[in-house]
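A.B. asks: how would this look folded up:
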Amino acid sequence: MPPSAEPAPSGAAPENVRSQLNRILASGIFANSQRLSKFLRFVVERTIADRGDEIKEYSLGVEVFERDADFDPRIDPIVRVQAAKLRSKLMEYYSGEGRDDAIVISIPKGGYAAVFTSAAAPPKKPAEETRASVAVLPFVNMSPEPDNDYFSDGLTEEVINALTTVPGLQVVARTSAFRFKGQNHDVREIGAQLNAGAILEGSVRRAGLQLRITAQLINVQNGYHLWSHTFKREMKDIFEIQEEISGAVREALAPLFDRTAAEKHAAVKHHRPNTRAHDLYLRGRYAQARRIGGSVTEGLQLFEEAIAADPEFARAYSGLADAWFLLAFWGVVPPNTAMPKAKAAALKALELDDGLPEAHASLGVIQTSFEWQWDAGKRSILRALELDPDYAPAYQAFAAQVLLPVGEIERAIELQRKAIALDPLSPSPQGTLTFLLGLSGRIEEAIAQHKSTLATNPAYFFSHSSMAISYATVGMTAEAVAEITKAFEESRGHFSVLSGMAYFHAISGDKERAQDFLRQALEARESNYIPAVEIAAAYAGFQDRKQTLAWLDRALEERSIQLFFLNVDPRYRWLHGDSKFAAILRRLDLPAVRIPA
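C.D. replies: Down below sits the predicted model:
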């Protein structure tokens, strides 16, 4: 709902409120939901009649949901569950069809009376607060060979990296910018979606060692060109071309940031790898960007070849660190095997170039999720943010792996929103935010965030998993089962969802199906690496104390990287107070945080 809403004038006519109510009920969101429509009309009419204080769970259960006179809200949660859905539907309506409506109808938490507010336009920012922002769209591959996509994508990423070093210039993260690859949208539409004031786009034609690169910078507000140029060079000149493009963007946007600081920062030079090493590195990042087990393995091999071609190439080591971490995350390689190699690569990258923010962030994630060295990990991630205040993955890492383990959930939500603002179309920070909102009990916001994630990333199955946990946290088990089932279908039976199917069916009371999914997970572990922490989560659904604790002990031995938030994970809430569980938290050096009830 619009954050700028303010109280409506006391003279607002009831007919205007009823007109707004009818508009809502006729919308696509409410048209097919008779139960919620009846609920909303009931509370609005009672509030208009100045009887809002009479709206109680009992009266709603009997008059709206047709429960018998012996209805007991303490036993039957129908009203609370439907109220959560109604608040979510209203939020969804005002985020879409009703974004321009003059009157906002809401039902604040803590009661069931409706509130009517007028939607005020958000105040404009003073000119001095305006900040230069640019999105670099994927350069189009115009080469005869389609396999050269990796090169045009790599050039795009290199220009993004060059621009992120400019103080005061906000650069949209690669993940979000690359969502527009191969699409033909108006630059004003793209700028609005990415919160960017300017768009850099271009094309690449490569024939052997010859390059033809065209680039243009466009003002999003009016569609006019701020700068354009065509480069005809050889492959050996690729670094000069990247610097010339980023320099031209700095010049064009200079009035909006500290030009002196930018020029000083631009003078910092990083090691220039030889052409073969750079080409292999670009191929590695291209493979890694697909984030599937096989592609990550391919990327790892390419990074190793890049290092062999140029042992002084720090960014190739940083890519190698990320590849090993992803292999552990996806369950392709056990963490005890992958993570020491990831750390060695990150340390080598920093030894060669201490100014790489991505290497500091990678090291911080390793230190927290694998080594449980919380203070060291915090320092590493903070260093990444010092080097690049707009590095979205560092905000996400700080929120999830520094703040969440100590129970600072509200601050974690704040930083997760910052990561999304910098990388608005990336699914990972959005899925994490859904989990954090659910953990804090803000189920309506979690639902809205989940829907927002799926609107731009419909195949991102982790969002369904996060939403399942969010629903379960507030006792909405049927909805939780529905979400984990969607995750299972979208992921094609990924191991983390297999254990989730066991957990959520168990807490819903369907023990037979839960046992079947647990059996499948145990059988799969015999021939594949499945983290012990996932098996522990499955047993947690049955509240099998002995097996849950035994598998958590195994997870400690394996150093499962998903253990970093064990103390706040709602699936283990029932174990809080158990001496053996407390001992496991001590081995992780995690505090016994009180999580929301």
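A.B. asks: In a strand, Gly202, correct?
C.D. replies: Yes: membership of Gly202 in a strand is supported by DSSP: H, G, I helix; E, B strand; the rest coil.
A.B. asks: Please look at it and Met142 and confirm they touch.
C.D. replies: No: with contacts counted by C-beta atoms under 8 Å, Gly202 stays clear of Met142, the gap being 9.9 Å. For glycine as for every other residue, the C-beta is placed from the backbone atoms N, C-alpha and C.
A.B. asks: Would you mind pointing out the helix or strand the closest residue to Glu251 other than its chain neighbours falls in?
C.D. replies: Nearest in space to Glu251, with sequence neighbours left out and distances taken as C-beta to C-beta, 6 or more residues apart in numbering, is Trp227 at 7.6 Å. Using DSSP states H and E, Trp227 maps to strand 225-234.
A.B. asks: List the contacts of that strand.
C.D. replies: Contact partners of strand 225-234, identified using C-beta atoms under 8 Å, 6 or more residues apart in numbering, comprise 198, 209-219, 240-241, 244-245, 248-249, 251-253.
A.B. asks: roughly how far is that strand from the heart of the chain?
C.D. replies: Strand 225-234 sits 35 Å away from the centroid of its parent chain (C-alpha atoms, centre = their mean, to the nearest Å).
A.B. asks: Just the buried positions in the next helix or strand along the chain from that strand, please.
C.D. replies: Tracing the chain past strand 225-234, the next element assigned as helix or strand by DSSP H and E is helix 238-253. The neighbour-count check on helix 238-253 (16 or more other C-beta atoms under 10 Å) flags 238-239, 241-242, 244-250, 252-253 as buried.
A.B. asks: Run through the neighbouring helices and strands of helix 238-253.
C.D. replies: strand 132-136, helix 149-163, strand 198-207, strand 210-219, strand 225-234, helix 259-266 (3 or more C-beta pairs under 8 Å, 6 or more residues apart in numbering; DSSP states H and E).
A.B. asks: What number of residues are in the vicinity of Glu312?
C.D. replies: By other C-beta atoms under 10 Å, the residues close to Glu312 number 14.
A.B. asks: and the nearest residue to it once chain neighbours are set aside, which of the three is it?
C.D. replies: Excluding the flanking residues, the one nearest Glu312 by C-beta to C-beta, 6+ apart is His271, at 5.6 Å. Under three-state DSSP, His271 falls in the coil class.
A.B. asks: which one in this structure is furthest away from the centre?
C.D. replies: For the chain, the largest distance from the centre (C-alpha atoms, centre = their mean) belongs to Ala69, which lies 45.7 Å off.
A.B. asks: pLDDT value on that residue, please?
C.D. replies: Note for Ala69: predicted pLDDT of 86.
A.B. asks: Could you pull up the residues touching it?
C.D. replies: Val62.
A.B. asks: buried residues in the host helix or strand of Trp551?
C.D. replies: Per DSSP H and E: Trp551 is located in helix 545-558. Neighbour-count burial for helix 545-558, counted by 16+ other C-beta under 10 Å, picks out Thr548, Leu549, Ala550, Trp551, Leu552, Asp553, Ala555, Leu556, Glu558.
A.B. asks: now for the helix or strand following it, which elements pack on it?
C.D. replies: Proceeding N to C from helix 545-558, the next assigned helix or strand is helix 579-588, under DSSP H and E. Applying 3+ C-beta pairs under 8 Å, 6+ apart, we find helix 579-588 packed against helix 545-558.
A.B. asks: Which residue lies nearest the spatial centre of this protein?
C.D. replies: Pro429 (1.4 Å).
A.B. asks: how is the chain carved up into domains?
C.D. replies: 6-118, 127-268, 270-353, 368-424 (automatic domain parsing).
A.B. asks: circling back: the residue nearest to Glu312 is in contact with Ala316, isn't it?
C.D. replies: No: between His271 and Ala316 there is no contact under C-beta under 8 Å: 10.2 Å.
A.B. asks: Which of the helices and strands packed on helix 238-253 sits closest to Gly493?
C.D. replies: Comparing the helices and strands packed on helix 238-253 against Gly493 with C-beta to C-beta, the closest turns out to be helix 149-163 (30.0 Å).
A.B. asks: average pLDDT for the closest one?
C.D. replies: Here the average pLDDT along helix 149-163 is 79.
A.B. asks: and if you look at stretch 303-315?
C.D. replies: Here the average pLDDT along stretch 303-315 is 91.
A.B. asks: With stretch 539-552 instead?
C.D. replies: 97.
A.B. asks: nearest to His360, of the domains of the chain?
C.D. replies: The nearest among these, by C-beta to C-beta, is domain 368-424 at 4.0 Å.
A.B. asks: coming back round to it: okay, His271 and Ala316: which has more neighbours?
C.D. replies: Ala316 (30 against 11).
A.B. asks: thought the more buried one was touching Ala308?
C.D. replies: No: taking contacts as C-beta under 8 Å, Ala316 lies outside contact range of Ala308: 9.4 Å.
A.B. asks: Identify each buried residue in stretch 206-217, please.
C.D. replies: Under 16+ other C-beta under 10 Å, the buried positions of stretch 206-217 are Arg206, Leu211, Ile213, Thr214, Ala215, Gln216, Leu217.
A.B. asks: can you tell me how far the last one sits from Gly197?
C.D. replies: With distances taken as C-beta to C-beta, to the nearest Å, Leu217 is found 11 Å from Gly197.
A.B. asks: what's the overlap in contacts for those two?
C.D. replies: By C-beta under 8 Å, 6+ apart, the residues touching both Leu217 and Gly197 are Val134.
A.B. asks: Strands of the stretch 51-200 of the chain, residue ranges please.
C.D. replies: 103-106, 115-118, 132-136, 140-141, 169-171, 198-207 (DSSP state E, counting those that start in this stretch).
A.B. asks: residue ranges of the strands in the stretch 401-550 of the chain, please?
C.D. replies: Under DSSP E, counting those that start in this stretch, the stretch 401-550 of the chain gives no strands.
A.B. asks: show me the contacts for the nearest residue to Phe488 once chain neighbours are set aside.
C.D. replies: Of all residues not flanking Phe488 in the chain, Val497 sits nearest, at 4.7 Å (C-beta to C-beta, 6+ apart). Residues in contact with Val497 (C-beta under 8 Å, 6+ apart) are Phe461, Ser465, Ile484, Ala487, Phe488, Ser491.
A.B. asks: Tell me the one of those residues nearest Val81?
C.D. replies: Using C-beta to C-beta, the contacts of Val497 come closest to Val81 at Ile484, 17.7 Å.
A.B. asks: The closest one against Leu498, yeah?
C.D. replies: No: Ile484 is beyond contact range of Leu498, at 10.0 Å (criterion: C-beta under 8 Å).
A.B. asks: Pro393: neighbour count?
C.D. replies: 24.
A.B. asks: Find me the pLDDT at it, would you?
C.D. replies: pLDDT, read off for Pro393, is 88.
A.B. asks: May I have the phi/psi pair for it?
C.D. replies: phi -60, psi -30 (degrees, to the nearest 10).
A.B. asks: Please tell me how far it sits from Pro429.
C.D. replies: 8 Å.
A.B. asks: what residues are shared contacts of the two?
C.D. replies: Ala419.
A.B. asks: What distance do you get for Ser106 to Ile241?
C.D. replies: In terms of C-beta to C-beta, Ser106 sits 53 Å off from Ile241.
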